[in-house]
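S.K.: Structure of the sequence below:
(2 chains)
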Amino acid sequence: MLHIVACIKQVPDTKIIKMNPKTNTMDRSSAPAILNPYDAHAVEEAVRLKNRYGGTVSVLTMGPPPAVKAIRKCIEIGADEGYMISDRAFAGADTLATSYALTKALDKISALKPVDLIICGKMTIDGDTGQVGPGIARRLDIPPLTSVKKIVEINREQGYAVIHRKLEDGYEVIQSTLPCLFSVEKDINEVPYSSMPNMLKAARYQPHIWSVSDLEDVDRTQLGLKGSPTIVSSVWAPQKPQGGQLLEGGPNDQVRQLLDILLAKKELFGAGEGSV
Amino acid sequence: MSFEDYRGVWVFMEVKDGQIAPVSLELLGAGRRLADKRGTELAGVLIGDRIRSLAATAFEYGADTAYVYDDPIFRQYRTETYMKALLACTQKYKPEIILYGATSTGKDLASAVATDLPTGLTADSTILDVEEDTGLLLASRPAFGGNIMATILCKKYRPQMATVRPKVMRALPAEPGRRGRLVEEAIPLREEDVRTKVLEIVRAATRNVRIDEADIIVAGGKGLGGPSGFQLVHQLADALGGAVGASRDVVEAGWIGHHHQVGQTGVTVTPKIYIAIGISGAIQHIVGMQNSGLIIAINKDPNALIFQSCHYGIVGDAFEIVPMLIEQFKNATGKEVEHVGEI
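M.R.: Alright, predicted model coming up:
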């Protein structure tokens, strides 16, 4: 029976986040916290594999106490267990420190029940880096497989997996030993609406919550802000470009002017003479 | 860690189909500027099978040195083998900065290398600079879905690493005959010790969706109201012979596939003409298209940010403007005749 762990994150919905135009800062309270959309696909894929091969799906997150909500969302999708590491010592972590902390939690989960496969979303919508998944894989010394768009086969007995990895202009078929880590593309699946039994289960669900002192062999200098090589030195509003020329007049006039502008680049259209 | 030991700017040279990927040449251009500012050398790292001769290309585009790992085990990109080569090279020669293309290969490799070194890695940078005295890399990128720009530093670790999207930086013009120093490197790696195998590579046949190569792009946003409104974009693209682009929210709404998405988390494009219809102009979109030759925006909202990033704008109803434009364009270029001919 497979044991799959999906690593997830609660993120502010960056589509809704508002900027304060006077101070050029983000108004975080304007953005609701949601399960990172890419991670929903990771959890859904883990649940599909469970349904196909049998097994257990655990989810793991690092975050402040309210991130329990994101775990509940994963239970709705069909995960069985949720683990959360939550401690001030983790605060301010960049991708390197995050992968370190999550790896320590994965060690503890593995000790409870060996892990065959780890699945992450392609990236988070707040950090946009996609670096935590591969970081975890390197720390566990298992193969990282990024941009996974299809899982062809998981063979636990013989210890291998076959997947499709997305490339800029196609995909490659890769076979890897198990355990390994996938970070999955959005198009790997569609996340369906939650079922009523799962919603009821999720509403009552209490995840396992660990502080840093619950984890083994932790080097505290590698955690949080202290363990993060990258720092954000400055944040600024994107440069406002000059702005273009607005075409005047009614729709007819505007279109005529636009046509002239386009036709000045006539060579690009291969237009006119001799076609047909 | 003594920073004095770390010198030089490196670019990981991505090879595809026996050629250096354009993004790597662009990064040599960016790297050259950083190296000159620091008074240090620029090097390219080439990993692959029978790729030694590509060092000449790296020199022509600005590299002083090429570190070359040429071995059949590197025929296809695999994280494990490439990472081991690059780690060995980095530990031996200690560069100050390493740049990678933010491609499926470059991002994968950079993440693995950063964890093992360990060091900091800034993803999808759009602006790179270096402090002349300290060598501190200033890597800036859009953050929080493109709502803000952030400058990321790696003060306490070396090398400093960043990935950069294709088409964000500019390659230098090739200088034919420019020479450099080729350094051959090797590491002991046996196929049976590698845990992943590439069984097959399947290239997509559909060329019409390669918006990164299109000369003309017509892109649509949420302002078109729905999938049926988005058809306007397809129609204008057809008429102009261009490719179809889309903003992030349109892709997330499922009106069109991912590979049409222009922007920070999509594709960076540099067409000769970019027409944005019903796109509000969030910075995440702007960074993906701002280097286009001619940018035209059509939007109902006169306050839409897109008007600050275009060359020409029309404040108006796309459902009125675009059909008129299609018709007049066809009349002016004789495209209509072509259409009739097909029927």
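S.K.: Show the subsequent helix or strand relative to the helix or strand in which A:Gly82 is found.
M.R.: For A:Gly82, the element it lies in under DSSP states H and E is strand A:81-85. Downstream of strand A:81-85, the next assigned helix or strand under DSSP H and E is helix A:95-112.
S.K.: And that next one, what does it pack against?
M.R.: strand A:2-8, strand A:55-62, strand A:81-85, helix A:132-140, helix B:104-116 (3 or more C-beta pairs under 8 Å, 6 or more residues apart in numbering or on different chains; DSSP states H and E). The way it works is simple: take the backbone N, C-alpha and C, and place the C-beta from them, glycine included.
S.K.: now the ones you listed in CSV, with mean pLDDT, distance to A:Glu168 and mean neighbour count?
M.R.: Formatted as CSV, these follow (pLDDT from 0 to 100; distance: least, C-beta to C-beta, whole Å; neighbours: other C-beta atoms under 10 Å in any protein chain shown):
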stretch, mean pLDDT, distance to A:Glu168, mean neighbour count
strand A:2-8, 98, 25, 26
strand A:55-62, 98, 31, 24
strand A:81-85, 98, 35, 22
helix A:132-140, 98, 18, 26
helix B:104-116, 97, 6, 25
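S.K.: how deep is A:Lys186 tucked in, by neighbour count?
M.R.: Using other C-beta atoms under 10 Å in any protein chain shown, A:Lys186 has 18 other residues around it.
S.K.: got the phi/psi numbers for the nearest residue to it once chain neighbours are set aside?
M.R.: In space, not counting the residues next to it along the chain, A:Lys186 is nearest to A:His41; the distance is 5.6 Å by C-beta to C-beta, 6 or more residues apart in numbering or on different chains. Main-chain torsions, A:His41, degrees, to the nearest 10: phi -70, psi -30.
S.K.: got it, and the one 10 residues further on?
M.R.: With angles defined as degrees, to the nearest 10, A:Asn51 shows backbone torsions of phi -70, psi -30.
S.K.: And the pLDDT at it?
M.R.: Per-residue confidence (pLDDT) for A:Asn51: 97.
S.K.: which residue is nearest the centroid of chain B?
M.R.: Of all residues in chain B, the one closest to the mean position by C-alpha atoms, centre = their mean is B:Pro166, 1.6 Å from it.
S.K.: That residue: what secondary structure?
M.R.: Three-state assignment for B:Pro166 (DSSP: H, G, I helix; E, B strand; the rest coil): coil.
S.K.: Can you tell me the strand partners of the longest strand along chain A and which way each runs?
M.R.: Counting residues, the longest strand in chain A under DSSP state E turns out to be strand A:144-155. The strands beside strand A:144-155 in its sheet (DSSP bridges) come out as strand A:160-167 (antiparallel), strand A:180-184 (parallel).
S.K.: returning to that earlier point: quick check, the residue nearest to the centre of chain B in contact with B:Thr103.
M.R.: Yes: using C-beta atoms under 8 Å, B:Pro166 makes contact with B:Thr103 at a distance of 6.7 Å.
S.K.: quick one: contacts of the strand holding A:Gly82?
M.R.: A:56-63, A:67-68, A:71-72, A:74-75, A:101-102, A:104-105, A:109, A:205, A:207-212, A:214-215 (C-beta atoms under 8 Å, 6 or more residues apart in numbering or on different chains).
S.K.: now it and helix A:95-112, what's the angle there?
M.R.: Interaxial angle of strand A:81-85 relative to helix A:95-112 (axes from the mean of the first three to the mean of the last three C-alpha atoms, to 10 degrees): 130 degrees.
S.K.: CA atoms of strand A:81-85 as CSV?
M.R.: The C-alpha trace of strand A:81-85 is given here as CSV (Å, rounded to 0.1, in the frame of the first residue of the first chain):
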residue,chain,number,x,y,z
GLU,A,81,-4.2,12.6,7.5
GLY,A,82,-2.8,16.1,8.0
TYR,A,83,0.4,17.2,9.6
MET,A,84,1.4,20.8,10.4
ILE,A,85,4.6,22.2,11.7
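S.K.: any idea which helix or strand carries B:Leu46?
M.R.: Going by DSSP H and E, B:Leu46 is in strand B:42-48.
S.K.: Turn the helices and strands packed on helix A:95-112 into TSV, including distance to B:Thr81.
M.R.: Shown next, in TSV, are the helices and strands packed on helix A:95-112 (distance: least, C-beta to C-beta, whole Å):
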stretch	distance to B:Thr81
strand A:2-8	25
strand A:55-62	29
strand A:81-85	33
helix A:132-140	14
helix B:104-116	10
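S.K.: Identify whichever of those lies nearest to A:Leu35.
M.R.: When these are compared by C-beta to C-beta, strand A:2-8 sits nearest A:Leu35, at 6.4 Å.
S.K.: Give me the sheet partners of the closest one and which way each runs.
M.R.: strand A:55-62 (parallel), strand A:117-121 (parallel).
S.K.: How about the stretch 1-150 of chain A: which residue is closest to chain B?
M.R.: The minimum distance from the stretch 1-150 of chain A to chain B, using C-beta to the nearest C-beta, falls at A:Thr14 (2.9 Å).
S.K.: Can you read off the pLDDT for the closest residue to that residue other than its chain neighbours?
M.R.: Distances taken as C-beta to C-beta, 6+ apart place B:Gly145 nearest to A:Thr14, at 2.9 Å, with adjacent residues excluded. We have a pLDDT of 70 for B:Gly145.
S.K.: May I have the secondary structure class of B:Gly145?
M.R.: Quick answer, by three-state DSSP: B:Gly145 is coil.
S.K.: ok, now which ones touch it?
M.R.: A:14-15, A:17, A:125-126, A:128, B:248, B:282, B:284.
S.K.: let's see 10 Å
M.R.: The contact partners of B:Gly145, by C-beta atoms under 10 Å, 6 or more residues apart in numbering or on different chains, come to A:11-17, A:31, A:125-126, A:128, B:248, B:263-265, B:282-284.
S.K.: In which helix or strand does the residue lying closest to B:Gly220 once chain neighbours are set aside reside?
M.R.: In space, B:Gly220 comes closest to B:Val233 once its chain neighbours are excluded; the distance is 3.7 Å by C-beta to C-beta, 6+ apart. Using DSSP H and E, B:Val233 maps to helix B:227-240.
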